[in-house]
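Enquirer: okay, sequence plus prediction incoming.
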Amino acid sequence: MSDHDDPEVLEYNGVRLERVREHVWEIPREGGMNVPARVLASEALLEQIGDDKTLQQLRNATHLPGIADRAICMPDGHQGYGFPVGGVGATDVETGCISPGAIGYDINCGVRMMRTNLTYDDVVGHEEELVDALFANVPSGLGGGGIVESDRDTLESILNRGVDWALEHGYAVEDDLAHCEDEGMRPDADPDAVSQKAKDRGKNQVGSLGSGNHFLEVQRVTDIFRPEVATEFGLEADQIVVLIHCGSRGLGHQICTDYLREIEREHGDLLAELPDKELAAAPAGSQLAEEYYGAMCAAINFAWVNRQLIMHRTRRVFERVFERDWESMEMELLYDVAHNIGKKEVHEVGVDADGRPAAPDEAVDRAERELYVHRKGATRAFPAGRPELPAAYRDVGQPIIIPGSMGAGSYVLRGGEESMAVSFGSTAHGAGRTMSRTQAKNEYWGETVQEELRDQEQIYVKAQSGATVAEEAPGVYKSVDEVVRVSDELGIGDKVARTFPVCNIKG
Ligand SMILES: Nc1nc2c(ncn2[C@@H]2O[C@H](COP(=O)(O)O)[C@@H](O)[C@H]2O)c(=O)[nH]1
Ligand SMILES: [Mn+2]
Ligand SMILES: [Mn+2]
C-alpha cells in the first residue's frame, strides 16, 4: 500500500520512505537503527520491492553494530534470509561485526562471461547440437558429481589457491586469472576453518552448475550502448558470448549453516540486540568472526575454481561442435564477478570524534576505514582508477555482468563514477525475483515455457526438470531493462552492451 498523495513520501508494509532524489529513497533513522537505509530504485521497481519483506529486512540490517553510513538496497532487491538479496551493508572491521546471512548461503555465487569471435550466424543451425552437448558435458542438477573429484590434498589446494590451482592443472591459462575479480584467489582463505562436513559436500562438486537459478547460457550481443567501452571489453554486435552462473555448491552452503549455528550459540548477547535472528553476526575481532571470514574466503576460492572448470569444459564442447580449437575461436574470459561475497575494503565513511563509523547526522568528519563490505545479490562496481582492478580495466572501469532471465536480455555494464559515493562501489546483480518458487510452479508449466521460448524466440533450453524451468520462467523476474536503467542513471554501473539468449542449460 503506498501513499500516492504525497510523491515525496511512500509507505510499503509499514516502512516509510522519503525521496532523496531521483531513484534514491531513504528509510530515516529511528529506534535502534544505527544508520538510515536507502533503496536505489525507480517508483515502478519500488512498488515491487515493497511487496515482500525486503524493506523490513533492510531496516533491520541498520541495527548491525559498526555499520557505516547506511544500509543499501539495489534496484533488483527482494526478500532473502535475514538480509535482502540485493543488499549492501559495510561494517567496521575493528568495532563492527560480520554476518553470514548478509553474504548469503551460496558464498561467491557469481557470473563470468566468456567472449568468442563467433557470430550469431555461425551458431544458427547448431543450436540443438550445442545445447545437447553442453547439457551432456557440464555437470548440473542437485546430485551427481563435478568435473574433478578431489581428494583431501586437492581440495585443500583449491580452497587455498583458487584459480591458481586450476592454472597448475591445465584448466586455465594465465589470461583467465588476469580477468577474474581478485585474480580468482582470496589470500585470507583458511581451509582449517571449513568443517569436514562442508568439505565432504564440496569435494565431488568442483565443476558443477548445481540446480535451480544456476545456468550456462550461450548469448548473442544485440545492443552496444557505449562503443568505446565495448571495444575495450572486446564486445561487438552479433558476437556470441557465454555466461556462466553458479557458486560454491554444498561447500559454501554448509559453511554458512555451520557458522550461523555457532554464532547464534556463542554470541547470543549480540543476537538479542538484533531485530531478526537471521541477522546473527560475530563481533569484529572475535574468534568466530576470524574463522568465518577464513572459511568464507575458502568458499570464494572454491566457487572461482568451479566457474573456471565449467568454462574450460565449455571451450572443449565448442571445439567439438565447431571443429576448431578454442584459441582460434578466441574464447577468452571477459570477467568473472562475485555477487554473494564479504570483503575487507577501505572506503571513506562518516566517523565520530574517535574515528569510528557514525550515522550521517552524528558524523563529525569523513575518514577512510577498513570495512567488511557485505554484498548479497550485489556486484562490485568499481570505476576506473581503482587499484583493485586488473590492468586491462584500470583505465575504463570494471566489467559488471547482470543476467536477466532465460527469456530476456542480460547486460554488461562498467563500474560507474558515482558507485563509491552512492553504494560502497556496488550495483545490482540481476533482475531479481518477483515471486517465490512455489508460486512460480503454480503459474507456469516448464515444458510450455520451453516450447514457447524455442518457437517464439529461437531460444533452446535444456534442464534437469520441468519444475526448474517453471521456477525460473522469465515472468518470475523484474524487468532487467528497468534495473539497469536505474543503475545507469545513478551512475553506479554504466550500460555497455545487451545480450539475448541462444541456448541455455539449467540444473
Ligand atoms: N540470462 C539469464 N539470467 C537468469 C537466468 N535465471 C536467472 N537469471 C538471472 O540471474 C539472476 C541471478 O540471481 P540469483 O540471486 O539467483 O543469483 C536473477 O536475478 C535473474 O535475473 C537464466 O536462465 N538466464
Ligand atoms: Mn547468483
Ligand atoms: Mn547461487
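Expert: Good, I have the coordinates. Ligands and ions are numbered 1, 2, ... in the order given.

Enquirer: any residues of this protein in contact with ligand 1? List them.
Expert: 85, 109, 213, 215, 217, 245, 377, 403-406, 410, 429-432, 472, 477, 501, 504 (CB under 6 Å from any ligand atom). Backbone N, C-alpha and C define where each C-beta goes, glycine included.

Enquirer: those also near ligand 3: which ones?
Expert: residue 109 (CB under 5 Å from the ion).

Enquirer: okay, and which of the residues of the chain next to ligand 1 map to strands?
Expert: 85, 215, 217, 245, 410, 501, 504 (DSSP state E).

Enquirer: closest to ligand 3 out of these?
Expert: Within those, the smallest distance to ligand 3 is 7.2 Å, found for residue 245 (CB to the ion).

Enquirer: do I have it right that the closest one meets residue 403?
Expert: Yes: using CB atoms under 8 Å, residue 245 makes contact with residue 403 at a distance of 6.0 Å.

Enquirer: joint contacts of these two?
Expert: Both residue 245 and residue 403 are contacted by 111, 215, 217, under the criterion CB atoms under 8 Å, 6 or more residues apart in numbering.

Enquirer: nearest to ligand 1, of the residues you listed?
Expert: Closest approach between the shared contacts of residue 245 and residue 403 and ligand 1, by CB to the nearest ligand atom: residue 215, at 4.1 Å.

Enquirer: got the contact list for the closest one?
Expert: 209, 243-245, 403, 406, 472, 504-507 are the contacts of residue 215 under CB under 8 Å, 6+ apart.

Enquirer: report the buried members of those residues.
Expert: 209, 243-245, 403, 406, 472, 504-507 (16 or more other CB atoms under 10 Å).

Enquirer: and the helices in the stretch 251-400 of the chain, which stretches?
Expert: Secondary structure of the stretch 251-400 of the chain (DSSP state H, counting those that start in this stretch): helices at 268-273, 287-322.

Enquirer: how many other residues sit next to residue 290?
Expert: Here the count is done by other CB atoms under 10 Å, and residue 290 has 16 residues near it.

Enquirer: roughly how far apart are it and residue 380?
Expert: 23 Å (CB to CB, to the nearest Å).

Enquirer: mind listing the strands for the stretch 151-300 of the chain?
Expert: 215-224, 239-246, 282-283 (DSSP state E, counting those that start in this stretch).

Enquirer: same thing with the stretch 351-500 of the chain?
Expert: 365-376, 379-380, 399-402, 410-415, 426-427, 460-463, 493-506.

Enquirer: that older thread, need the shared contacts of residue 245 and residue 403 in a markdown table (columns: distance to residue 103 and pLDDT).
Expert: Listed next are the shared contacts of residue 245 and residue 403 as a markdown table, based on distance: CB to CB, whole Å; pLDDT from 0 to 100:
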| residue | distance to residue 103 | pLDDT |
| --- | --- | --- |
| 111 | 17 | 98 |
| 215 | 22 | 97 |
| 217 | 25 | 98 |
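
Enquirer: as a markdown table, these with distance to residue 260 would be great.
Expert: Shown next, in a markdown table, are those (distance: CB to CB, whole Å):
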| residue | distance to residue 260 |
| --- | --- |
| 111 | 25 |
| 215 | 27 |
| 217 | 32 |
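
Enquirer: pick the one among the residues you listed closest to residue 360.
Expert: Nearest to residue 360, judged by CB to CB, of those is residue 111 at 32.8 Å.

Enquirer: quick check, that closest one in a strand?
Expert: Yes: checked against DSSP: H, G, I helix; E, B strand; the rest coil, residue 111 lies within a strand.

Enquirer: which residues does it bridge with?
Expert: Per DSSP bridges, the residues bridged to residue 111 are residue 245, residue 337.

Enquirer: residue contacts, it?
Expert: 243-245, 336-337, 339, 401, 403.

Enquirer: would you map the helices across the stretch 401-507 of the chain?
Expert: 419-423, 437-443, 446-457, 466-471, 480-490.

Enquirer: number of residues surrounding the residue of the chain found nearest ligand 1?
Expert: Here the chain gets closest to ligand 1 at one residue, residue 430, 2.4 Å apart by CB to the nearest ligand atom. Residue 430 has 28 neighbours, counted by other CB under 10 Å.

Enquirer: rewinding a little: so which of the helices of the stretch 251-400 of the chain comes closest to residue 118?
Expert: That would be helix 287-322 among the helices of the stretch 251-400 of the chain, by CB to CB, at 7.1 Å.

Enquirer: how near is residue 462 to residue 326?
Expert: Distance from residue 462 to residue 326, by CB to CB: 22 Å.

Enquirer: low-confidence stretches in the stretch 51-200 of the chain?
Expert: Within the stretch 51-200 of the chain, no stretch falls below the threshold (pLDDT under 70).

Enquirer: contact partners for the closest residue to ligand 3 within it?
Expert: Going by CB to the ion, ligand 3 is nearest to residue 109 of the stretch 51-200 of the chain, at 3.0 Å. Counting by CB under 8 Å, 6+ apart, residue 109 touches 214, 245-248, 252, 303, 338-340.

Enquirer: go again with 10 Å.
Expert: 103, 210, 213-214, 245-249, 252, 303, 307, 338-341, 376-377, 429 (CB atoms under 10 Å, 6 or more residues apart in numbering).

Enquirer: try residue 160
Expert: Counting by CB under 10 Å, 6+ apart, residue 160 has contacts 185-187, 189-191, 297-298, 301.

Enquirer: how close does the residue nearest the centre of the chain get to residue 49?
Expert: Most central in the chain under CA atoms, centre = their mean is residue 339, positioned 1.9 Å from the mean C-alpha point. Counting by CB to CB, the gap between residue 339 and residue 49 amounts to 17 Å.

Enquirer: kindly report the same for residue 450.
Expert: For residue 450 relative to residue 49 (CB to CB), the value is 29 Å.

Enquirer: these two - which one has more neighbours?
Expert: residue 49 (29 against 21).

Enquirer: and the closest residue to that one other than its chain neighbours, what helix or strand is that in?
Expert: Spatial nearest neighbour of residue 49, excluding adjacent residues (CB to CB, 6 or more residues apart in numbering): residue 77 at 5.1 Å. In the assignment (DSSP states H and E), residue 77 maps to strand 71-78.

Enquirer: return the alpha-carbon coordinates of that strand using CSV.
Expert: C-alpha atoms of strand 71-78 as CSV (Å, rounded to 0.1, in the frame of the first residue of the first chain):
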residue,chain,number,x,y,z
ALA,A,71,22.4,0.0,4.5
ILE,A,72,21.5,0.0,0.8
CYS,A,73,19.1,-2.0,-1.4
MET,A,74,19.9,-2.3,-5.1
PRO,A,75,17.2,-1.9,-7.8
ASP,A,76,16.8,-5.7,-8.1
GLY,A,77,16.3,-6.2,-4.4
HIS,A,78,14.0,-8.8,-2.9
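
Enquirer: same question for that strand: list its buried residues.
Expert: 71-78.

Enquirer: and for stretch 161-172?
Expert: So stretch 161-172, judged by 16+ other CB under 10 Å, has buried residues 161-167, 171-172.

Enquirer: tell me which parts of the protein are close to ligand 3?
Expert: 106, 109, 247.
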